[in-house]
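Peer 1: coords below, sequence missing:
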């Protein structure tokens with residue numbers, strides 16, 4: 001299970017920031033310049049974070065029935081969440097100093113897109129930040145650097161869960177998810193979650209005689225991760241300036257070893273569930289909503305591009321200005337949805353299930369567990 005969790009974590013988070021395709025993706029984001037940096041980063045990364053949080057909110061149940069007092073099951077679940085078509089591209093309109101090489105191109109792929117990145121040019125602004133005319137403006141033709149935005153990686157984002165469910169009095173189930181802090185190859189992760197399911201049919205005079213189970217579920221879980229960039233992926237000034245333009249380093253610091261990412265993803269799930277036990281087969285339907293939150297911060301000391309400065313004799317170089325934690329992305333979604341699934345039982349204590357949740361970020365899940373109901 002530990003390996004499954006790490007595989008899921010590394011596939012998502014390594015792809016988000018470090019990029020399994022090209023380690024140049026991180027410096028390229030910083031070539032956007034501070035005016036456009038957060039817009040480009042959020043456009044590319046937010047859909048993957050939304051999908052990850054949506055996947056976390058799945059796989060909490062495989063029946064509306066609850067356990068008898070002190071009955072239990074221990075279950076492993078794996079989910080795959082699809083980034084919808086609407087979130088597979090992001091808009092490049094409204095950028096301040098970035099221009100597309102092809103003026104007819106107005107969109108670039110997100111993490112979940114199915115296209116190559118778009119070539120952009122970071123242009124010299126007309127005016128310097130400190131005031132006055134930029135000597136390298138060149139009627140809007142002055143180019144600081146050019147780069148290509150990250151290509152789309154995958155529209156499917158995996159998640160995994162390990163869940164213990166315990167039967168409580170009054171037809172309640174307590175569900176717990178917990179993974180202690182895991183450290184591996186610069187990645188540090190932790191996960192916890194708790195849920196409660198109540199088979200309320202037994203307390204309703206009319207419904208208690210109907211031949212199915214009816215329950216309500218509320219569950220919350222949170223996932224935290226911190227990733228320290230390896231030396232090869234650190235953003236340094238020499239990666240931000242193209243050609244012979246050159247740069248003037250920030251006199252405050254040239255230590256970029258603190259760079260990394262931290263991410264927090266959480267989900268709140270509420271469902272009403274109906275199911276029917278048919279000996280070894282149990283179909284079920286859940287209707288409700290999920291609220292997801294995703295926060296990502298680039299932590300540490302990063303170089304960013306300032307104004308060009310005259311280094312003598314009319315020779316201009318780009319000024320490097322260091323910033324701490326320069327990228328901060330937050331995204332949240334409230335998604336109504338319906339889950340359709342079935343459970344199979346074997347030998348009385350073994351159960352497997354499969355389900356599909358129809359929502360903005362649709363999620364397919366499977367699970368396998370052992371238990372005594």
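Peer 2: Received it, and whenever you're ready, just let me know what you need. Just so we're clear, the structure is a prediction, and the values are computed from it rather than from any experiment.
Peer 1: helix, strand or coil for the residue lying farthest from the centre of the chain?
Peer 2: For the chain, the largest distance from the centre (C-alpha atoms, centre = their mean) belongs to residue 313, which lies 48.7 Å off. When classified by DSSP: H, G, I helix; E, B strand; the rest coil, residue 313 comes out as coil.
Peer 1: do the same with residue 65
Peer 2: At residue 65 the chain is in coil, as set by three-state DSSP.
Peer 1: Not counting residues beside it along the chain, what's closest to it?
Peer 2: Closest residue to residue 65 apart from its sequence neighbours, by C-beta to C-beta, 6 or more residues apart in numbering: residue 213 at 4.5 Å. For every residue, glycine as well, the C-beta is placed using N, CA and C.
Peer 1: wait, doesn't that neighbour sit right on residue 199?
Peer 2: Yes: taking C-beta atoms under 8 Å as the definition, residue 213 is a contact partner of residue 199 at 5.8 Å.
Peer 1: Relative to residue 214, how far out is residue 201?
Peer 2: As judged by C-beta to C-beta, to the nearest Å, residue 201 and residue 214 stand 4 Å apart.
Peer 1: Can you check which residues contact both of the two?
Peer 2: Residues touching both residue 201 and residue 214 (C-beta atoms under 8 Å, 6 or more residues apart in numbering): residue 207.
Peer 1: got a list of what the closest residue to residue 170 other than its chain neighbours touches?
Peer 2: Closest residue to residue 170 apart from its sequence neighbours, by C-beta to C-beta, 6+ apart: residue 198 at 7.5 Å. For residue 198, the contacting residues are 66, 170-173, 215-217, by C-beta under 8 Å, 6+ apart.
Peer 1: Now with 6 Å, please.
Peer 2: For residue 198, the contact set (C-beta atoms under 6 Å, 6 or more residues apart in numbering) comprises 172, 215-216.
Peer 1: and it, how far is that from residue 270?
Peer 2: Distance of residue 198 to residue 270, given as C-beta to C-beta: 12 Å.
Peer 1: now the helices for the stretch 1-150 of the chain?
Peer 2: In the stretch 1-150 of the chain, the helices defined using DSSP state H, counting those that start in this stretch lie at 2-13, 25-30, 34-56.
Peer 1: and these, which one is worst for confidence?
Peer 2: Lowest mean pLDDT within the helices of the stretch 1-150 of the chain: helix 2-13, a mean of 39.
Peer 1: before we move on, back to that, give me every residue that touches the residue nearest to residue 65.
Peer 2: Residue 213 sits next to 64-65, 199, 275 when contact means C-beta under 6 Å, 6+ apart.
Peer 1: Highest neighbour count among those residues?
Peer 2: Among these, residue 64 has the most neighbours (other C-beta atoms under 10 Å), with 26 neighbours.
Peer 1: distance of it from residue 329?
Peer 2: Counting by C-beta to C-beta, the separation of residue 64 from residue 329 is 37 Å.
Peer 1: and if you look at residue 245?
Peer 2: For residue 245, the distance to residue 329 (C-beta to C-beta) stands at 29 Å.
Peer 1: So what pairs up with the nearest residue to residue 46 once chain neighbours are set aside in the strands?
Peer 2: The spatially closest residue to residue 46, leaving aside those adjacent along the chain, is residue 331, at 4.5 Å (C-beta to C-beta, 6+ apart). Beta bridges link residue 331 to residue 294, judged by DSSP bridges.
Peer 1: Now do residue 331 against residue 262, distance only.
Peer 2: Distance from residue 331 to residue 262, counting by C-beta to C-beta: 15 Å.
Peer 1: do residue 144 as well
Peer 2: Relative to residue 262, and taking C-beta to C-beta, residue 144 is found at 29 Å.
Peer 1: cool, residue 40 as well?
Peer 2: Noted for residue 40: a distance of 19 Å to residue 262, by C-beta to C-beta.
Peer 1: can you pull the contacts of residue 334?
Peer 2: By C-beta under 6 Å, 6+ apart, the contact set of residue 334 is residue 291.
Peer 1: Please, which helix or strand holds it?
Peer 2: For residue 334, the host element (DSSP states H and E) is strand 327-346.
Peer 1: What values do phi and psi take at the residue nearest to residue 88 when sequence neighbours are not counted?
Peer 2: Sequence neighbours aside, residue 113 is the residue nearest to residue 88 in space, at 4.3 Å (criterion: C-beta to C-beta, 6+ apart). Backbone torsions of residue 113, given as degrees, to the nearest 10, read phi -80, psi 170.
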